[in-house]
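need a structure here:
(2 chains)
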Amino acid sequence: SQTIHQWPATLVQPVGSPLSLECTVEGTSNPNLYWYRQAAGRGLQLLFYSVGIGQISSEVPQNLSASRPQDRQFILSSKKLLLSDSGFYLCAWSPGVGYTFGSGTRLTVV
Amino acid sequence: DQQVKQNSPSLSVQEGRISILNCDYTNSMFDYFLWYKKYPAEGPTFLISISSIKDKNEDGRFTVFLNKSAKHLSLHIVPSQPGDSAVYFCAARGNAGNMLTFGGGTRLMVKP
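Residues are numbered from 1 along each chain as shown, chains lettered A, B, ... in the order given. Predicted coordinates:
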């Protein structure tokens, strides 16, 4: 069966520290992968998407970057976190019409 | 420019009554519309979808209506239950492959 894993579930990081969030998909190959962020009280903002290894498209300029080192692995990173990076980060993949989302990571930058 | 809009940030409904969540879009090239439900600290889960060639799709207590001429879709939940309390996102597909464009969400509160 196809599953998506995202970790960690929660993270508290100081301003200026680095970030690495990981997402992996099982049971499929060459999935389209996405990173979204939901800021407090806001909607879902698309950050990055990838249609293959090493192929990353950025939707908004920001303090974050993404990488896809393997077919089913998608990583969200930052070299130096800002307070405004706090939010709920979601990884997703598209098995067909629509997405399947991971369980999310609550990031609090302090 | 927001291509998918949910103009009501919140909605409160009594248990057993109908909940109607609305969504408007501007891009006539969207070919699929979906609704997702999201509980706090969890990822959104798929609820129901509709193809642009249809005007209604029903799944149990959930019905989605599509009015293409008005570029409007709505989600009806009948009867509403306290467990339906969540944030609901509408989404549309069509810009690039399977990519979805999401609305801002509507928080539904169903009171017992």
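
Quick check: nearest residue in space to B:Met109, chain neighbours excluded?
The shortest distance from B:Met109 to any non-neighbouring residue, by Cβ to Cβ, 6 or more residues apart in numbering or on different chains, is to B:Ser12 (4.7 Å). Bear in mind the C-beta positions are built from the backbone N, C-alpha and C, glycine included.

Neighbours of B:Asn27, how many?
Per other Cβ atoms under 10 Å in any protein chain shown, the neighbour tally for B:Asn27 reads 13.

Name all residues that make contact with it.
B:3, B:92, B:94-95, B:101 (Cβ atoms under 8 Å, 6 or more residues apart in numbering or on different chains).

Looking at those residues, which one is closest to chain A?
B:Thr101 (8.2 Å; Cβ to the nearest Cβ).

and that closest one, what are its bridge partners?
Judged by DSSP bridges, the bridge partners of B:Thr101 are B:Ala92.

Now pLDDT and neighbour count too, for the contacts of B:Asn27, in JSON lines please.
Listed next are these as JSON lines, based on pLDDT from 0 to 100; neighbours: other Cβ atoms under 10 Å in any protein chain shown:
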{"residue": "B:Gln3", "pLDDT": "90", "neighbour count": "17"}
{"residue": "B:Ala92", "pLDDT": "94", "neighbour count": "25"}
{"residue": "B:Gly94", "pLDDT": "83", "neighbour count": "19"}
{"residue": "B:Asn95", "pLDDT": "60", "neighbour count": "13"}
{"residue": "B:Thr101", "pLDDT": "90", "neighbour count": "20"}
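
And the furthest pair within those?
B:Gln3 and B:Gly94 (9.2 Å; Cβ to Cβ).

any common contacting residues for these two?
By Cβ under 8 Å, 6+ apart, the residues touching both B:Gln3 and B:Gly94 are B:27, B:30, B:101.

for the record, mean pLDDT for stretch B:50-64?
Averaged over stretch B:50-64, pLDDT sits at 97.

what about that stretch and chain A, touching?
No - Stretch B:50-64 lies out of reach of chain A by Cβ under 8 Å from any Cβ of the partner chain, never closer than 8.6 Å.

Could you tell me the end-to-end distance of that stretch?
7 Å (Cα to Cα, to the nearest Å).

Can you give me the buried ones in it?
Counting neighbours by 16 or more other Cβ atoms under 10 Å in any protein chain shown, one finds that the buried residues in stretch B:50-64 are B:50, B:52, B:62-64.

And stretch B:19-35, by the same measure?
Neighbour-count burial for stretch B:19-35 flags B:19-25, B:30, B:32-35 (criterion: 16+ other Cβ under 10 Å).
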